[in-house]
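Student: What shape does this take:
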Amino acid sequence: MEWLLIGLGVALVLEGVCYAAAPGAMQRMAALIGEARPSHLRTAGLFAVAVGVFIVALVTGRA
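Tutor: Numbering: from 1, shown residues only. Sure, this is the predicted structure:
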């Protein structure tokens, strides 16, 4: 549970930095995401999950 909360905290920090540093770019990206097909969003989401799992496995020495 501790790892889950740490991961959530890091994700929120990274997202917050993006919105604070470049709010206009984040608005444009949100608009592009709104126009994307669901299949493309699903593929991008699955890719992000795979990369995230790989990074966690690599860092924890379980790769």
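Student: Please, where are all the strands along this structure?
Tutor: With DSSP state E, there are no strands along the chain.
Student: Listing request: residues of it with sub-threshold pLDDT.
Tutor: Scanning the chain for pLDDT under 70 picks out no residues.
Student: Off-centre distance for the longest helix along it?
Tutor: Counting by DSSP state H, the longest helix found in the chain is helix 38-60. Centre-to-centre, helix 38-60 and its host chain are 8 Å apart (C-alpha atoms, centre = their mean, to the nearest Å).
Student: which other residues reach it?
Tutor: Applying C-beta atoms under 8 Å, 6 or more residues apart in numbering, the contact partners of helix 38-60 are 33, 63. C-beta: built from backbone N, CA, C; applies to glycine.
Student: Go ahead and produce PDB holding the CA coordinates of it.
Tutor: Output of helix 38-60 as PDB, limited to C-alpha atoms (Å, rounded to 0.1, in the frame of the first residue of the first chain):
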ATOM      1  CA  PRO A  38     -11.000   5.700 -28.300                       C
ATOM      2  CA  SER A  39      -9.000   2.900 -29.800                       C
ATOM      3  CA  HIS A  40      -5.900   5.200 -30.000                       C
ATOM      4  CA  LEU A  41      -6.400   6.300 -26.400                       C
ATOM      5  CA  ARG A  42      -6.700   2.700 -25.300                       C
ATOM      6  CA  THR A  43      -3.500   1.800 -27.200                       C
ATOM      7  CA  ALA A  44      -1.600   4.700 -25.700                       C
ATOM      8  CA  GLY A  45      -2.900   3.800 -22.200                       C
ATOM      9  CA  LEU A  46      -1.800   0.200 -22.500                       C
ATOM     10  CA  PHE A  47       1.600   1.300 -23.800                       C
ATOM     11  CA  ALA A  48       1.900   3.700 -20.800                       C
ATOM     12  CA  VAL A  49       1.000   0.800 -18.400                       C
ATOM     13  CA  ALA A  50       3.600  -1.500 -20.000                       C
ATOM     14  CA  VAL A  51       6.300   1.200 -19.800                       C
ATOM     15  CA  GLY A  52       5.400   1.900 -16.200                       C
ATOM     16  CA  VAL A  53       5.500  -1.700 -15.100                       C
ATOM     17  CA  PHE A  54       8.900  -2.100 -16.900                       C
ATOM     18  CA  ILE A  55      10.300   0.900 -15.100                       C
ATOM     19  CA  VAL A  56       9.100  -0.300 -11.700                       C
ATOM     20  CA  ALA A  57      10.500  -3.800 -12.300                       C
ATOM     21  CA  LEU A  58      13.800  -2.300 -13.500                       C
ATOM     22  CA  VAL A  59      14.100   0.000 -10.400                       C
ATOM     23  CA  THR A  60      13.100  -2.700  -7.900                       C
END
